[in-house]
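Asks: need a 3D model of the sequence below.
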Amino acid sequence: MFQLVPWQAAFLGIVLATLALLMVIWWRQQSFRWIIVTVICLALAPLLGWWSGQTFQVNDYRAGCDGLCPGAGGAPIPFLRGEAAGNELLPGMFLVNTLAYLVIVLGWSMVLRVVLRSIPANRRGRTARQALAAVILLVIPLALSPLVLPPPEARVRGDTQRVAINGQREVFEYDSQAALPVLRVGLEDVRPRGDGQPGMRVCLRAYTFFYLPIGHMYLDMTPEGVHSNAGGVLPMEMSCWR
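Replies: This is a model prediction of the structure:
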(Lines give C-alpha, C1' and ligand atoms only; values in the text may rest on other atoms or scores of the structure.)
Protein backbone atom coordinates (compact mmCIF):
# COMPACT_ATOMS: atom_id res chain seq x y z
CA MET A 1 0.00 0.00 0.00
CA PHE A 2 1.42 3.35 -1.05
CA GLN A 3 0.85 6.42 1.12
CA LEU A 4 0.87 9.37 -1.30
CA VAL A 5 0.68 13.10 -0.85
CA PRO A 6 -1.55 14.97 -3.36
CA TRP A 7 1.19 15.91 -5.83
CA GLN A 8 2.52 12.34 -5.87
CA ALA A 9 -0.99 11.01 -6.47
CA ALA A 10 -1.51 13.49 -9.33
CA PHE A 11 1.79 12.51 -10.97
CA LEU A 12 1.06 8.79 -10.58
CA GLY A 13 -2.42 9.32 -12.00
CA ILE A 14 -0.98 10.96 -15.13
CA VAL A 15 1.51 8.12 -15.58
CA LEU A 16 -1.19 5.45 -15.13
CA ALA A 17 -3.60 7.22 -17.49
CA THR A 18 -0.85 7.43 -20.13
CA LEU A 19 -0.07 3.72 -19.75
CA ALA A 20 -3.76 2.84 -20.03
CA LEU A 21 -4.08 4.95 -23.21
CA LEU A 22 -1.06 3.22 -24.78
CA MET A 23 -2.57 -0.18 -23.95
CA VAL A 24 -5.88 0.80 -25.56
CA ILE A 25 -3.97 1.88 -28.67
CA TRP A 26 -2.23 -1.52 -28.71
CA TRP A 27 -5.59 -3.27 -28.51
CA ARG A 28 -6.94 -1.11 -31.34
CA GLN A 29 -4.06 -2.24 -33.53
CA GLN A 30 -4.56 -5.89 -32.61
CA SER A 31 -8.30 -6.46 -32.80
CA PHE A 32 -11.49 -4.89 -34.12
CA ARG A 33 -13.03 -5.85 -30.75
CA TRP A 34 -10.84 -3.36 -28.95
CA ILE A 35 -13.85 -1.26 -27.93
CA ILE A 36 -15.44 -4.25 -26.18
CA VAL A 37 -12.19 -5.02 -24.35
CA THR A 38 -11.81 -1.38 -23.31
CA VAL A 39 -15.40 -1.14 -22.01
CA ILE A 40 -15.01 -4.37 -20.01
CA CYS A 41 -11.75 -3.15 -18.46
CA LEU A 42 -13.27 0.25 -17.69
CA ALA A 43 -16.12 -1.51 -15.88
CA LEU A 44 -13.84 -3.90 -13.99
CA ALA A 45 -11.38 -1.27 -12.76
CA PRO A 46 -13.71 0.64 -10.38
CA LEU A 47 -15.26 -2.63 -9.20
CA LEU A 48 -11.83 -3.97 -8.30
CA GLY A 49 -11.01 -0.66 -6.63
CA TRP A 50 -14.16 -0.87 -4.52
CA TRP A 51 -13.38 -4.51 -3.68
CA SER A 52 -9.91 -3.52 -2.50
CA GLY A 53 -11.47 -1.02 -0.10
CA GLN A 54 -13.57 -3.80 1.43
CA THR A 55 -10.78 -6.37 1.57
CA PHE A 56 -7.61 -4.41 2.33
CA GLN A 57 -8.36 -2.55 5.52
CA VAL A 58 -6.03 -1.30 8.22
CA ASN A 59 -7.97 -0.37 11.34
CA ASP A 60 -6.89 2.55 13.50
CA TYR A 61 -3.96 1.35 15.59
CA ARG A 62 -1.95 2.41 18.64
CA ALA A 63 1.46 0.78 18.20
CA GLY A 64 4.21 3.38 17.97
CA CYS A 65 1.68 6.25 18.06
CA ASP A 66 0.87 9.08 20.43
CA GLY A 67 -2.77 8.20 20.84
CA LEU A 68 -4.34 6.59 17.79
CA CYS A 69 -2.81 6.33 14.32
CA PRO A 70 -5.40 6.59 11.52
CA GLY A 71 -6.02 3.46 9.55
CA ALA A 72 -6.83 3.24 5.86
CA GLY A 73 -8.65 1.15 3.30
CA GLY A 74 -7.93 0.24 -0.29
CA ALA A 75 -4.89 -0.99 -2.19
CA PRO A 76 -2.49 -0.39 -3.80
CA ILE A 77 -3.56 3.24 -3.22
CA PRO A 78 -5.54 3.76 0.02
CA PHE A 79 -8.67 5.85 -0.57
CA LEU A 80 -10.54 5.37 2.71
CA ARG A 81 -9.36 7.27 5.77
CA GLY A 82 -9.58 5.37 9.09
CA GLU A 83 -12.45 4.43 11.37
CA ALA A 84 -12.03 7.56 13.51
CA ALA A 85 -12.74 9.59 10.37
CA GLY A 86 -15.80 7.45 9.59
CA ASN A 87 -14.03 5.69 6.71
CA GLU A 88 -13.98 8.95 4.77
CA LEU A 89 -13.76 8.49 1.01
CA LEU A 90 -10.95 10.33 -0.76
CA PRO A 91 -12.24 10.70 -4.35
CA GLY A 92 -8.87 11.65 -5.86
CA MET A 93 -7.15 8.64 -4.34
CA PHE A 94 -10.00 6.38 -5.44
CA LEU A 95 -9.51 7.62 -9.01
CA VAL A 96 -5.78 6.86 -8.90
CA ASN A 97 -6.49 3.44 -7.40
CA THR A 98 -9.00 2.77 -10.18
CA LEU A 99 -6.43 3.78 -12.81
CA ALA A 100 -3.98 1.32 -11.23
CA TYR A 101 -6.50 -1.50 -11.64
CA LEU A 102 -7.28 -0.35 -15.18
CA VAL A 103 -3.62 -0.71 -16.10
CA ILE A 104 -3.50 -4.13 -14.41
CA VAL A 105 -6.54 -5.55 -16.22
CA LEU A 106 -5.54 -4.06 -19.58
CA GLY A 107 -2.01 -5.41 -19.18
CA TRP A 108 -3.23 -8.85 -18.18
CA SER A 109 -5.66 -8.92 -21.12
CA MET A 110 -2.71 -8.20 -23.41
CA VAL A 111 -0.75 -11.12 -21.95
CA LEU A 112 -3.79 -13.35 -22.29
CA ARG A 113 -4.28 -12.44 -25.96
CA VAL A 114 -0.62 -13.02 -26.84
CA VAL A 115 -0.58 -16.44 -25.14
CA LEU A 116 -3.85 -17.61 -26.64
CA ARG A 117 -2.84 -16.56 -30.15
CA SER A 118 0.43 -18.43 -29.79
CA ILE A 119 -1.45 -21.75 -29.63
CA PRO A 120 -1.20 -23.28 -33.15
CA ALA A 121 -4.41 -22.95 -35.17
CA ASN A 122 -3.95 -26.16 -37.15
CA ARG A 123 -4.08 -28.51 -34.18
CA ARG A 124 -7.16 -30.33 -32.99
CA GLY A 125 -8.55 -29.23 -29.67
CA ARG A 126 -7.21 -25.69 -29.99
CA THR A 127 -10.32 -24.22 -28.35
CA ALA A 128 -9.96 -26.53 -25.35
CA ARG A 129 -6.29 -25.63 -24.97
CA GLN A 130 -7.11 -21.93 -25.20
CA ALA A 131 -9.78 -22.30 -22.50
CA LEU A 132 -7.33 -24.18 -20.26
CA ALA A 133 -4.64 -21.55 -20.83
CA ALA A 134 -7.12 -18.78 -19.99
CA VAL A 135 -8.07 -20.49 -16.73
CA ILE A 136 -4.42 -21.00 -15.81
CA LEU A 137 -3.53 -17.38 -16.58
CA LEU A 138 -6.52 -15.92 -14.76
CA VAL A 139 -7.46 -18.16 -11.84
CA ILE A 140 -4.10 -19.43 -10.62
CA PRO A 141 -2.35 -16.01 -10.43
CA LEU A 142 -5.36 -14.54 -8.63
CA ALA A 143 -5.56 -17.45 -6.21
CA LEU A 144 -1.85 -17.36 -5.34
CA SER A 145 -1.39 -13.58 -5.39
CA PRO A 146 -1.06 -13.39 -1.56
CA LEU A 147 2.19 -15.33 -1.86
CA VAL A 148 3.66 -12.55 -4.02
CA LEU A 149 2.08 -9.26 -3.00
CA PRO A 150 2.08 -8.15 0.66
CA PRO A 151 -1.19 -6.74 2.02
CA PRO A 152 -1.53 -3.30 3.64
CA GLU A 153 -0.63 -3.27 7.32
CA ALA A 154 -0.05 -0.95 10.23
CA ARG A 155 3.16 1.08 10.00
CA VAL A 156 4.52 0.59 13.51
CA ARG A 157 7.78 2.02 14.80
CA GLY A 158 10.22 1.60 17.63
CA ASP A 159 10.23 -1.43 19.92
CA THR A 160 6.72 -2.45 18.87
CA GLN A 161 8.07 -3.02 15.37
CA ARG A 162 10.62 -5.50 16.74
CA VAL A 163 7.89 -7.32 18.69
CA ALA A 164 5.66 -7.43 15.60
CA ILE A 165 8.44 -8.88 13.45
CA ASN A 166 9.18 -11.56 16.03
CA GLY A 167 5.50 -12.40 16.22
CA GLN A 168 5.17 -12.72 12.46
CA ARG A 169 8.03 -15.20 12.46
CA GLU A 170 5.93 -17.58 14.57
CA VAL A 171 2.74 -17.46 12.52
CA PHE A 172 3.37 -21.07 11.49
CA GLU A 173 2.65 -22.22 15.05
CA TYR A 174 -0.98 -21.06 14.91
CA ASP A 175 -2.02 -20.93 11.25
CA SER A 176 -3.35 -24.51 11.42
CA GLN A 177 -6.18 -23.21 13.63
CA ALA A 178 -7.65 -21.24 10.72
CA ALA A 179 -10.56 -22.71 8.77
CA LEU A 180 -8.67 -22.23 5.48
CA PRO A 181 -4.96 -22.18 4.60
CA VAL A 182 -3.24 -18.96 5.63
CA LEU A 183 -1.18 -17.64 2.72
CA ARG A 184 -0.36 -14.20 4.10
CA VAL A 185 -0.80 -12.04 7.17
CA GLY A 186 -0.86 -8.28 7.66
CA LEU A 187 -0.07 -6.52 10.92
CA GLU A 188 -3.05 -4.82 12.58
CA ASP A 189 -1.67 -3.67 15.94
CA VAL A 190 0.55 -4.39 18.93
CA ARG A 191 -0.92 -3.76 22.38
CA PRO A 192 -0.50 -5.00 25.95
CA ARG A 193 -1.82 -8.50 26.56
CA GLY A 194 -5.39 -8.69 27.78
CA ASP A 195 -4.82 -11.53 30.25
CA GLY A 196 -2.88 -9.38 32.69
CA GLN A 197 0.43 -11.10 31.94
CA PRO A 198 3.50 -9.03 31.05
CA GLY A 199 4.25 -8.72 27.38
CA MET A 200 2.49 -7.58 24.23
CA ARG A 201 -0.15 -9.08 21.95
CA VAL A 202 0.50 -9.00 18.20
CA CYS A 203 -2.65 -8.97 16.08
CA LEU A 204 -2.51 -9.98 12.42
CA ARG A 205 -5.13 -10.18 9.68
CA ALA A 206 -4.96 -13.55 7.93
CA TYR A 207 -5.61 -13.97 4.20
CA THR A 208 -6.20 -17.13 2.19
CA PHE A 209 -6.50 -17.73 -1.57
CA PHE A 210 -7.71 -14.77 -3.67
CA TYR A 211 -6.80 -12.46 -0.77
CA LEU A 212 -9.92 -13.43 1.14
CA PRO A 213 -9.60 -12.33 4.79
CA ILE A 214 -10.41 -15.31 7.02
CA GLY A 215 -9.75 -14.06 10.55
CA HIS A 216 -7.52 -12.33 13.06
CA MET A 217 -4.47 -14.16 14.31
CA TYR A 218 -3.16 -13.15 17.72
CA LEU A 219 0.15 -14.00 19.35
CA ASP A 220 0.80 -13.30 23.02
CA MET A 221 4.49 -12.51 23.35
CA THR A 222 6.82 -13.08 26.27
CA PRO A 223 7.93 -10.00 28.27
CA GLU A 224 11.11 -9.86 26.17
CA GLY A 225 9.02 -9.82 22.98
CA VAL A 226 11.12 -12.53 21.36
CA HIS A 227 8.76 -15.52 21.31
CA SER A 228 5.05 -16.21 21.75
CA ASN A 229 3.70 -18.47 24.46
CA ALA A 230 0.05 -18.39 23.37
CA GLY A 231 -1.97 -17.56 20.30
CA GLY A 232 -4.79 -18.50 18.02
CA VAL A 233 -7.15 -17.42 15.24
CA LEU A 234 -10.38 -15.48 15.78
CA PRO A 235 -13.25 -14.99 13.31
CA MET A 236 -13.32 -11.75 11.33
CA GLU A 237 -16.25 -10.41 13.34
CA MET A 238 -14.27 -10.67 16.58
CA SER A 239 -11.44 -8.44 17.78
CA CYS A 240 -8.04 -9.35 19.14
CA TRP A 241 -8.68 -7.04 22.09
CA ARG A 242 -12.04 -8.31 23.36
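Asks: which residues sit against the helix or strand hosting Thr18?
Replies: Using DSSP states H and E, Thr18 sits in helix 6-30. With contacts defined as CB atoms under 8 Å, 6 or more residues apart in numbering, helix 6-30 is touched by 4, 34, 37-38, 77, 92-93, 95-96, 99-100, 102-103, 106-107, 109-110, 113. Just so you know, the C-beta spots here come from the backbone N, C-alpha and C atoms, and that holds for glycine as well.
Asks: buried ones in it?
Replies: Residues 9, 12-13, 16, 19-20, 23-24, 27 are the ones in helix 6-30 that count as buried (16 or more other CB atoms under 10 Å).
Asks: repeat that for stretch 183-202.
Replies: Within stretch 183-202, the residues that count as buried by 16+ other CB under 10 Å are 183-191, 193, 199-202.
Asks: picking that back up, mean confidence score for the helix holding Thr18?
Replies: The average pLDDT within helix 6-30 is 95.
Asks: columns distance to Ala206 on top of the buried residues of helix 6-30, output as TSV?
Replies: Formatted as TSV, these follow (distance: CB to CB, whole Å):
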residue	distance to Ala206
Ala9	30
Leu12	30
Gly13	32
Leu16	30
Leu19	33
Ala20	33
Met23	34
Val24	38
Trp27	38
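Asks: now the strands: where do they sit in this protein?
Replies: With DSSP state E as the criterion, the chain has strands at 57-58, 72-73, 80-81, 88-89, 184-192, 200-207, 213-221, 228-234.
Asks: and Leu144, how many neighbours?
Replies: By other CB atoms under 10 Å, 12 other residues sit near Leu144.
Asks: so it sits right up against Phe209, yeah?
Replies: Yes - contact criterion CB atoms under 8 Å: Leu144 and Phe209 qualify, at 7.2 Å.
Asks: mutual contacts of the two, please.
Replies: Residues within reach of Leu144 and of Phe209 at once, by CB under 8 Å, 6+ apart, are Leu183.
Asks: which other helices and strands contact the longest helix along the chain?
Replies: Ranked by residue count, the top helix of the chain under DSSP state H comes out as helix 91-117. In terms of contacts (3 or more CB pairs under 8 Å, 6 or more residues apart in numbering; DSSP states H and E), helix 91-117 is packed against helix 6-30, helix 34-55, helix 126-144.
Asks: any chance of those helices in a markdown table, plus distance to Gly225?
Replies: Below are these laid out as a markdown table (distance: least, CB to CB, whole Å):
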| stretch | distance to Gly225 |
| --- | --- |
| helix 6-30 | 34 |
| helix 34-55 | 30 |
| helix 126-144 | 32 |
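Asks: I'd like to know which of the ones you listed is closest to Pro235.
Replies: Closest to Pro235 of the helices and strands packed on helix 91-117, according to CB to CB: helix 34-55, at 16.1 Å.
Asks: could you give the angle of the closest one to strand 200-207?
Replies: If you take axes from the mean of the first three to the mean of the last three CA atoms, to 10 degrees, helix 34-55 sits at 150 degrees to strand 200-207.
Asks: if you average the pLDDT over helix 34-55, what comes out?
Replies: Mean predicted lDDT for helix 34-55 stands at 95.
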